[in-house]
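Participant: Got a predicted structure here, sequence first:
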Amino acid sequence: MMRLSEVLTKREGIIYILSAPSGAGKTTLIKKLLAIFPEIRLIVSYTTRSRRAGESSGRDYHFVTEREFASIRSRGGFAEWAQVHGSFYGTPRLPLEQSIRRGRDALLDIDVQGAKKIKKQYPRAVSIFILPPSWRELARRLALRGTDRQASIRRRLDNARREIRQLMRYDYIVINREVQEALKSLGAIVVAERHRVSRTRG
Ligand code: 5GP
């Protein structure tokens, strides 16, 4: 018989999907969330986009050429992949499956197309959409970041409008008005999902 104290820990890992339009403050939130829950494994995506200042390969993304990306894709190495802002992005299948099989929760930082594909394959995944408090604030944050050119900012804003229309497909919405407040909501979602009776293996 299973030990009662193991009821909540002996379970399959949970997949948390976090999506947000660029400029919503998602990267900062993810870093802080992982500092609070270091047991959650961030699944590092592959991308063909060029590396921004301060980013490192293997930590932020695995930066690859289009050819390398296509080769991994043709071998079925991605659980999902999508074209975002003109570059390719993909979630590696192996670390994701290893993680959930071993009972370790996994975090995916992916766009709405990716979220849809993951939900289809892993219906128990939990999807969370992070919203900026206003359009004006979104535009301000994008301009402030200074890593993107004007044309790219415009493209990201257009994309944000399209993404936000998909909001209703998600399980949870968190508005990032203030980091600590948003972090508290994210933490509450993570904990509540771990306590679902339907996830126990009892
Ligand atoms: P950025 O270029 O600003 O790092 O990311 C652009 C967008 O691509 C973000 O919305 C991010 O969540 C998304 N993204 C990053 N990795 C993946 C991935 O593996 N798959 C999908 N579908 N989207 C991703």
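Facilitator: That came through, no problem.
Participant: Look up phi and psi at Ile175.
Facilitator: phi -100, psi 120 (degrees, to the nearest 10).
Participant: List, one by one, the residues from this protein near the ligand.
Facilitator: Proximity of the chain to the ligand, by Cβ under 6 Å from any ligand atom, involves residues 19, 22, 45, 49, 80, 82, 84-85, 89-91, 109-111, 113-114. Just so you know, the C-beta spots here come from the backbone N, C-alpha and C atoms, and that holds for glycine as well.
Participant: which of those are buried?
Facilitator: Buried members of the residues of the chain next to the ligand, counted by 16 or more other Cβ atoms under 10 Å: 19, 22, 45, 80, 82, 84, 89-91, 109-111, 113-114.
Participant: Return the subset of these lying in helices.
Facilitator: Judged by DSSP state H, those include Gln113, Gly114 as members of helices.
Participant: Could you dump the buried ones among the residues of the chain next to the ligand into TSV and include pLDDT?
Facilitator: TSV is the format used below for those (pLDDT from 0 to 100):
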residue	pLDDT
Ser19	96
Ser22	79
Ser45	98
Glu80	98
Ala82	97
Val84	91
Tyr89	98
Gly90	98
Thr91	98
Asp109	97
Ile110	97
Asp111	94
Gln113	95
Gly114	97
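Participant: Most widely separated two among the buried ones among the residues of the chain next to the ligand?
Facilitator: Within those, Ser22 and Glu80 form the most distant pair, 18.8 Å apart (Cβ to Cβ).
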